[in-house]
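K.L.:
Below is the structure, and that's it, no one-letter string:
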Ligand code: NAD
Ligand code: TYD
């Protein structure tokens, strides 16, 4: 998988020079491949600190593009930011870089404040310095901030889905740090006139997702015969979107969205965790049935010996402060930007499982390092 296929093109009005922060992470890497495939004339500069979640291998293939640059560095490094803005004459920032895993934020919140709040502020300050009140500033600029539905808090069963007007009510340190960053982005528009947009998206899944998040973790554990840990009773609900649809939504906000505005992006696809895990189990059983060669490749998978993958499901202690339900109302993006997700959950999940089956070396490599140490420290 090196490009994200099959999306309607949004006509481009001019060449851009983009800074993509966090471009070596899950959504950032998908976005960079997507953008490079659809906008080959644009310059893409990736800035990534390569934390445990960042993986330069996620960007492989792009080095063949003549106008692609990778910088290993921190979004809080103001000197580095100034030099990148000047050297590449950046006119667009797409800001993905973040600490992104709720469980980590519960155990080690400091890094979330540092990157998501302080780091975002450094980036805003650098953009303001480069773009506002200078003769050599680009005629048009855009700072796009990638955020999450988790800033809106949690929903009950009968509550309407989150709209752009839902009051913020973040519950985890992760959500609170993202909420703070959203407010800073808004303030830089309101106070200084920085041309910003923000998108708040529901849970993503797809290629390159670090196997600490629900869907890739369950796939990897199913293939390696490890327990499938379901928090609490598995009734918590998330609204799932295939990552390529998120990339397309961001493209639409960047190209068609109004400056200073917020757009919710989602998939109208609410599922409870236990249903997701059962669904993954059934699909893995089916794919092992259809492809007998998989048994030799993944001998520890129950499906390799004709057992049901669901035998691995294990209910474990619930997450602290676990939000019960998220749901996105994407009406604004649908009506104003013509946004519509192209993958449904069946096709997206099948693609994701196929990608994980075909990229065993990728997930083994990313799971060998700090993740295992962290998991051991906090969950044994
Ligand atoms: P990820 O954890 O997979 O990737 C984050 C990337 O940011 C990594 O490459 C990491 O190395 C980099 N990074 C971290 N700290 C950095 C720093 N200080 N300087 C530079 N780079 C740094 O995250 P993701 O799932 O791809 O999420 C990307 C963005 O999308 C985040 O802002 C997240 O809040 C948002 N988001 C994610 C989801 C989801 O379901 N994953 C949903 C909605 C919004
Ligand atoms: P996650 O993928 O961490 O995303 P988020 O917390 O940002 O929504 O978790 C998705 C849901 O799955 C969440 O309700 C927690 C649950 N979950 C489990 O039940 N077991 C797990 O091992 C993980 C990682 C998550």
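P.N.:
Yep, it's here. As the structure is a computational prediction, the values presented were derived from the model and not from experiment. Ligands and ions are numbered 1, 2, ... in the order given.

K.L.:
and the chain, which residues reach ligand 1?
P.N.:
Near ligand 1, the residues belonging to the chain are 21-22, 24-28, 47-51, 53-54, 74-76, 96-100, 115, 119, 146-148, 178, 201, 203-204, 210 when assessed by C-beta under 6 Å from any ligand atom. Quick note: C-beta positions are derived from backbone N, CA and C, even for glycine.

K.L.:
Among those, which are located in strands?
P.N.:
With DSSP state E as the criterion, strands contain 21, 47-48, 146-148, 201, 203-204 from among the residues of the chain next to ligand 1.

K.L.:
Pipe these into JSON lines and attach neighbour count per row.
P.N.:
Formatted as JSON lines, the entries for these read as follows, by neighbours: other C-beta atoms under 10 Å:
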{"residue": "21", "neighbour count": "29"}
{"residue": "47", "neighbour count": "26"}
{"residue": "48", "neighbour count": "28"}
{"residue": "146", "neighbour count": "27"}
{"residue": "147", "neighbour count": "23"}
{"residue": "148", "neighbour count": "24"}
{"residue": "201", "neighbour count": "26"}
{"residue": "203", "neighbour count": "22"}
{"residue": "204", "neighbour count": "24"}
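
K.L.:
Let me see the mean pLDDT of stretch 19-33.
P.N.:
If you average the pLDDT over stretch 19-33, you get 98.

K.L.:
So which residues on the chain come close to ligand 2?
P.N.:
102, 203, 213-214, 217, 229-231, 236, 238, 273, 319.

K.L.:
Find the pair from the ones in strands among the residues of the chain next to ligand 1 with maximum spatial separation.
P.N.:
In these, the most distant members under the criterion C-beta to C-beta are 47 and 203, with 24.9 Å between them.

K.L.:
any idea how far residue 318 is from residue 133?
P.N.:
Distance, residue 133 to residue 318, by C-beta to C-beta, to the nearest Å: 50 Å.

K.L.:
between these two, which one's more packed in?
P.N.:
Neighbour count, other C-beta atoms under 10 Å: between residue 133 and residue 318, residue 318 has more, with 13 against 9.

K.L.:
Tell me who's in contact with the more buried one.
P.N.:
The neighbours of residue 318, taking C-beta atoms under 8 Å, 6 or more residues apart in numbering as the test, are 231-232.
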